[in-house]
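In: Provide a 3D model corresponding to the input given below.
(one chain, ligands or ions: 1)
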Amino acid sequence: MHANFVRSALMRSFHVDVDTSLKLCPHCDAVYVRAPLSPDERAYCRRCGGELYRNHEVRIAALLPLVFAGFITYVTCNVFPIVTLEIQGLSTQTTVWGAVRAMAHHGMWPVATLVLATTTLVPFLELGLLTYLLASLAAGRVPVGFGPIVRFMRVARPWGMVEVFLLGIVASMVKLSAMATVVPGPALWAFGALVALLAIVIVVDPADFWEYAAKVASLERARAAEEARTAEEFS
Ligand SMILES: [Zn+2]
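Out: Purely as a prediction, here's the structure:
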């Protein structure tokens, strides 16, 4: 009974037209009937005490400007130099792309690929997909490919490792400072800002998008029904 109940709830969640009145505890699998929460209120599991869900609706609506700011810092990270080294009057500087190319040139393909994927591709995909989702939802419609995108974001999220990259750069800068004059570039500060922005953005669980989209979908349906009724009255 319990398994069938959960399975049918999961199957229905493949459509945005979903019954979001049920909530499965992510820690112990207990099933609850969802109660409405006021902004920033949280619900906890009665059985294990774990957090069930929060009211993220307000935060989701305010996320779009942060994502745009993320894009600006992302471009800064990739266009400007990360660091400038000065040794005996000679100066050299590098960008992320320059570092990736240098590693590939020296045969370090696995590391170059990993750096490119975790610091460039995944953050770009995450920011791009978030912009697409949030802009569509803000415009009052559920975007095409909503389900696969939200599921993909969940899978891709752990592979965004901008903060690990930043930590690596800072550690190597400290080591290099014994041999040369190390000047942090604009991209390094931008990476710091990007880490902070991404940390704020990923507070919202991709699962929260389902609930938000369900509300948008029901408003969309109500609007379509209203339009159909008006058209009928006039014909
Ligand atoms: Zn629980």
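
In: Please identify which helix or strand holds Glu86.
Out: strand 83-87 (DSSP states H and E).

In: Can you report phi and psi for Thr92?
Out: Recorded main-chain torsions at Thr92 are phi -140, psi 140, according to degrees, to the nearest 10.

In: Past the worst-scoring helix or strand of the chain on mean pLDDT, which element shows up next along the chain?
Out: Sorted by mean pLDDT, DSSP states H and E, the helices and strands of the chain end with helix 2-12, the least confident at a mean of 46. Stepping forward along the backbone from helix 2-12, the first helix or strand reached (DSSP H and E) is strand 22-24.

In: what helices or strands is whichever helix or strand comes after that following strand leaning on?
Out: Using DSSP H and E, the helix or strand that follows strand 22-24 in sequence is strand 31-33. The contact analysis (3 or more C-beta pairs under 8 Å, 6 or more residues apart in numbering; DSSP states H and E) places strand 31-33 against helix 2-12, strand 22-24. Placement of C-beta: from N, CA and C, glycine included.

In: list the contacts for Arg141?
Out: Going by C-beta atoms under 8 Å, 6 or more residues apart in numbering, Arg141 touches Val216, Glu220.

In: so when I look at Gln93, I'm seeing a helix, right?
Out: No: residue state for Gln93 (DSSP: H, G, I helix; E, B strand; the rest coil) corresponds to strand; a helix is not indicated.

In: Now do it: how many residues are near it, please.
Out: By the other C-beta atoms under 10 Å criterion, the neighbourhood of Gln93 contains 15 residues.

In: In contact with it, which residues?
Out: In this structure, Gln93 makes contact with Pro81, Ile82, Val83, Thr84, Leu85, Gly185, judged by C-beta under 8 Å, 6+ apart.

In: surely the third one meets Ala180?
Out: Read it as Val83. No: under the contact definition of C-beta atoms under 8 Å, Val83 does not touch Ala180, with a separation of 10.1 Å.

In: quick one: low-confidence parts of the chain?
Out: 1-20, 56-58 (pLDDT under 70).

In: what about 50?
Out: Per-residue confidence for the chain (pLDDT under 50) gives these ranges: 1, 3, 5-16.

In: tell me which parts of it are close to the ion?
Out: In this structure, the chain approaches the ion at residues Cys25, His27, Cys28, Ala30, Cys45, Arg47, Cys48, Gly50, judged by C-beta under 5 Å from the ion.

In: Many thanks, we can stop here.
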